[in-house]
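K.L.:
Provided below for reference: sequence and predicted model.
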There are 4 protein chains.
Amino acid sequence: MPRYKESERKQIKTETRQMLLQSAIEAFAREGYEKANINQISKAAGFAKGTIYNYFESKRGLMLALIHETANAHLEYINDRVLREHGAERRLKRFFEAGWLVVSEYLPQLRILVHTLYGADEELKQELWQVYQPMHKLIREDIISLGIEQGIFRSVDTNFTTALIMNLYLGIASHADDDGRIWLDSDQVADFVLNALLK
Amino acid sequence: MPRYKESERKQIKTETRQMLLQSAIEAFAREGYEKANINQISKAAGFAKGTIYNYFESKRGLMLALIHETANAHLEYINDRVLREHGAERRLKRFFEAGWLVVSEYLPQLRILVHTLYGADEELKQELWQVYQPMHKLIREDIISLGIEQGIFRSVDTNFTTALIMNLYLGIASHADDDGRIWLDSDQVADFVLNALLK
Amino acid sequence: MPRYKESERKQIKTETRQMLLQSAIEAFAREGYEKANINQISKAAGFAKGTIYNYFESKRGLMLALIHETANAHLEYINDRVLREHGAERRLKRFFEAGWLVVSEYLPQLRILVHTLYGADEELKQELWQVYQPMHKLIREDIISLGIEQGIFRSVDTNFTTALIMNLYLGIASHADDDGRIWLDSDQVADFVLNALLK
Amino acid sequence: MPRYKESERKQIKTETRQMLLQSAIEAFAREGYEKANINQISKAAGFAKGTIYNYFESKRGLMLALIHETANAHLEYINDRVLREHGAERRLKRFFEAGWLVVSEYLPQLRILVHTLYGADEELKQELWQVYQPMHKLIREDIISLGIEQGIFRSVDTNFTTALIMNLYLGIASHADDDGRIWLDSDQVADFVLNALLK
DNA sequence: TATGAATGAGAGTTCATTCAT
DNA sequence: AATGAATGAACTCTCATTCAT
């Protein structure tokens, strides 16, 4: 049941905010944070320049909000799908599978994620790093450690392996084409990793 | 007719160019291409703001020059070290080892490389992609195909595996700290990959 | 939805635009297109330097807008006064008379016109040439051809004579002093031309 | 020191100077004074940037020198041809005829003349005005006054008529195409003026 | 004399942000 | 809440000029 039965105004505000965020996602993904233009974002969302400042403190505030909302959706999406499985091997495959789905469903958001993670803006990078801790935790504990406990994975360094997997995922996903298609197959990548991990 | 030695001028010109490039490398690595300031780059190199335009056509021209010169040095560095070995397994280890050395010797250049490769600027991205073809070729033909021929690697898809390796290398290298130290050990990464490749 | 009157905004916008144009007219007339400074034009109009770009695309766009608006006013002014008369001789006199009035009322605009028409900027020149076609037509058809039809002018080449008259007008007008006074009398010039044209 | 060596130097200096001037003529005619580029002028003449400053004080000094040298050549050219005749009518025809020849032989110089005379740079304009006094004098005294004395011209105001003639000449000449062709015939223009002047 | 590397004032332009309405 | 006119710092780039060689 809906936790937030709100007044009409709040509803409008929320809708406006969502439209602005959506517009920002497209702009940041296409142009990058620095080049993206606040006025264009507002206009593309159907509002005037100033409107954005009723919902976000600044361009940076907008970016931070966007990072948080994207991360939450992203984490939930992956979590759901991974934890449906109970074996480490299938969870790993699910991870890549879900990851590939994220790319096709949330392509621009993922692009922003990659730009930020590999970009020069340290503050944004830190923010992302923190906000994505749950995903690292998921991989480390609910996949790798689990696999070791289950006796199917070699006793690898879990932090190390988590980092490798995240890097692989992001690195590959970042090369998706404009329709969200990735030229590497999720199964192949999963197999590659499994080959390195399985006893 | 000039009375001074032509070579003297040439040298001054070369030195200035190098100082400007060095300054640009630091700026682009620290701030990213968009935020980096052309005038500050000139100033930081010890020249007036206009000087940079005696050597480079534009900010973008400077960036492109930098990409090309960095790539050439980088490629040569890796090539040299990898091709000293003749076994595929040792070559792979050498690749990561040399890669790790590159990070500590050419940290800012590598940061620029990563920013560009995972950034939003498609034109620069294309440029990088092309200029780094020789490194892809090195991995694909002189390491992976070789290993398969030598009968020590499984018959993996060479393009696919090359892409994975490049992504791993860049992804991990991009997290080097400011002294160029990488928290993942080159041997461990090589082992991870070898585990996935060795028969 | 906006709560203020839409018309109110429109008016502010129109007024600002006019002030910027006026300021530009003075600057371009005084300094010429190349030397005139966009920021100073904004400042002189009482606005910050960026404001001009809310109204005009670029320095050149401002110049083009100015050319068009000036030409329209100028053409209307002359047309009105010339076509009040019905004899070719009186129309010719009126043409110079009105032309002299234009100089005193629109001195800076006329200076810009002359700078442009005799300047090196081919693009602006073309623009002017096109926009002033109606005035050539007025002279050629409503004055010279008319005079020939009315049997009072010799059968001169109408294009040729139109060109001469325009050149005379602009050449002389360009030497107006800073109060818009021309040291040649409009009647005298008209008489000179009439002497060449009357049977 | 032997004198021939001295003169040789002067000769070289003069040649260099002439080449620079020639290059400047082309640049100023094509681009206008403001947009023309000192470095390009030097380069086009086959010299380095700095060389121009061995011969001229500044860009403006170069322009002034150019104005003077052009004017002298121009004046001499016209004077010669006009004063060969002894009747006012033929002198007037000769004036336009020679004027048309000047355009085809000295097209870029004439363009500079026109840009300057109708441009916004008051200082250059003044300079031109003064340097062209002899031509005004030629028209006023050796053509118009003469014609009146000879009883073939009406008793027009000589200053006034001189101004008209100069304006006609320059205005028309300025529309020469890039090969120096003028679309108005010199005889026709002379006839137009004679019609206005002859008794 | 000729050179061309270096200079730095100054130009046009962009755009995040403010704020009165 | 929404608007959009106005702002001005900041940026890239140009180019006349200087000067050591």
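P.N.:
Perfect, I can see it now.
K.L.:
Please list all residues in contact with A:His115.
P.N.:
A:28-29, A:32-33, B:118-120 (C-beta atoms under 8 Å, 6 or more residues apart in numbering or on different chains). Using the backbone N, CA and C atoms, a C-beta is placed for each residue, glycine as well.
K.L.:
can you give me how far the helix or strand where it lies is from the chain middle?
P.N.:
Under the criterion of DSSP states H and E, A:His115 resides in helix A:107-117. Relative to the chain's own centre, helix A:107-117 is displaced by 7 Å; criterion: C-alpha atoms, centre = their mean, to the nearest Å.
K.L.:
Tell me what angle that helix forms with helix B:107-117.
P.N.:
Interaxial angle of helix A:107-117 relative to helix B:107-117 (axes from the mean of the first three to the mean of the last three C-alpha atoms, to 10 degrees): 170 degrees.
K.L.:
Identify the residues contacting stretch A:31-45?
P.N.:
Stretch A:31-45 is contacted from outside by A:16, A:19-20, A:22-24, A:26-28, A:30, A:48-52, A:59, A:62-63, A:112, A:115-116, A:119, A:121, A:124, B:32, B:34-35, B:119-121, using C-beta under 8 Å, 6+ apart.
K.L.:
Could you pull out the buried residues of it?
P.N.:
Under the neighbour-count criterion of 16 or more other C-beta atoms under 10 Å in any protein chain shown, stretch A:31-45 has A:31-34, A:36, A:38, A:41-42, A:44-45 buried.
K.L.:
could you point out which element follows the helix holding A:His115?
P.N.:
Using DSSP H and E, the next helix or strand after helix A:107-117 towards the C-terminus is helix A:122-131.
K.L.:
Using PDB, write out every CA atom in the one helix or strand in chain A whose mean pLDDT sits lowest.
P.N.:
Every helix and strand of chain A was ranked by mean pLDDT, DSSP states H and E. The lowest is helix A:8-31, at a mean of 85. Taking C-alpha atoms only, helix A:8-31 is exported to PDB below (Å, rounded to 0.1, in the frame of the first residue of the first chain):
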ATOM      1  CA  GLU A   8      -2.000  17.300  -5.400                       C
ATOM      2  CA  ARG A   9       0.800  19.900  -5.100                       C
ATOM      3  CA  LYS A  10       3.200  17.400  -3.800                       C
ATOM      4  CA  GLN A  11       2.200  15.100  -6.600                       C
ATOM      5  CA  ILE A  12       2.900  17.800  -9.100                       C
ATOM      6  CA  LYS A  13       6.100  18.600  -7.500                       C
ATOM      7  CA  THR A  14       7.100  15.100  -7.600                       C
ATOM      8  CA  GLU A  15       6.200  14.800 -11.200                       C
ATOM      9  CA  THR A  16       8.100  17.900 -12.100                       C
ATOM     10  CA  ARG A  17      11.100  16.600 -10.200                       C
ATOM     11  CA  GLN A  18      10.900  13.400 -12.100                       C
ATOM     12  CA  MET A  19      10.700  15.100 -15.400                       C
ATOM     13  CA  LEU A  20      13.700  17.200 -14.600                       C
ATOM     14  CA  LEU A  21      15.700  14.300 -13.400                       C
ATOM     15  CA  GLN A  22      14.800  12.300 -16.600                       C
ATOM     16  CA  SER A  23      15.900  15.200 -18.700                       C
ATOM     17  CA  ALA A  24      19.100  15.600 -16.700                       C
ATOM     18  CA  ILE A  25      19.800  11.900 -17.100                       C
ATOM     19  CA  GLU A  26      19.700  12.200 -20.900                       C
ATOM     20  CA  ALA A  27      21.800  15.300 -21.000                       C
ATOM     21  CA  PHE A  28      24.500  14.100 -18.600                       C
ATOM     22  CA  ALA A  29      24.700  10.800 -20.400                       C
ATOM     23  CA  ARG A  30      25.000  12.400 -23.800                       C
ATOM     24  CA  GLU A  31      27.200  15.400 -23.000                       C
END
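K.L.:
Near the closest residue to chain C within chain A, how many residues? Count them for me, please.
P.N.:
For chain A and chain C, the shortest gap (C-beta to the nearest C-beta) falls at A:Ala48, measuring 8.8 Å. Close neighbours of A:Ala48, defined as other C-beta atoms under 10 Å in any protein chain shown, add up to 11.
K.L.:
show me the contacts for it.
P.N.:
Applying C-beta under 8 Å, 6+ apart to A:Ala48 gives the contacts A:Ser42.
K.L.:
Sort out which one of the contacts of A:His115 lies nearest DNA strand E for me.
P.N.:
Among those, A:Tyr33 lies closest to DNA strand E (C-beta to the nearest atom of the strand), at 9.1 Å.
K.L.:
sec struct for the closest one, please.
P.N.:
Assigned with DSSP: H, G, I helix; E, B strand; the rest coil, A:Tyr33 falls in the coil class.
K.L.:
separation between it and D:Gln40?
P.N.:
Note on A:Tyr33: its distance to D:Gln40, by C-beta to C-beta, to the nearest Å, is 40 Å.
K.L.:
likewise A:Gln130?
P.N.:
Applying C-beta to C-beta to A:Gln130 and D:Gln40 gives a distance of 56 Å.
K.L.:
ok, A:Gly119 - contacts?
P.N.:
Shown here is A:Gly119, whose contacts under the criterion C-beta under 8 Å, 6+ apart are A:32-33, A:125, B:32, B:115, B:118-119.
K.L.:
one more time with 7 Å, if that's ok
P.N.:
A:125, B:32, B:115, B:119 (C-beta atoms under 7 Å, 6 or more residues apart in numbering or on different chains).
K.L.:
Show me where chain A has its helices.
P.N.:
Along chain A, counting by DSSP state H, helices occupy A:8-31, A:38-44, A:52-55, A:59-83, A:88-105, A:107-117, A:122-131, A:133-137, A:146-149, A:158-173, A:186-197.
K.L.:
Make JSON lines out of those helices and add distance to D:Glu89.
P.N.:
Shown next, in JSON lines, are the helices of chain A (distance: least, C-beta to C-beta, whole Å):
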{"stretch": "helix A:8-31", "distance to D:Glu89": "73"}
{"stretch": "helix A:38-44", "distance to D:Glu89": "69"}
{"stretch": "helix A:52-55", "distance to D:Glu89": "78"}
{"stretch": "helix A:59-83", "distance to D:Glu89": "77"}
{"stretch": "helix A:88-105", "distance to D:Glu89": "90"}
{"stretch": "helix A:107-117", "distance to D:Glu89": "81"}
{"stretch": "helix A:122-131", "distance to D:Glu89": "85"}
{"stretch": "helix A:133-137", "distance to D:Glu89": "99"}
{"stretch": "helix A:146-149", "distance to D:Glu89": "112"}
{"stretch": "helix A:158-173", "distance to D:Glu89": "90"}
{"stretch": "helix A:186-197", "distance to D:Glu89": "97"}
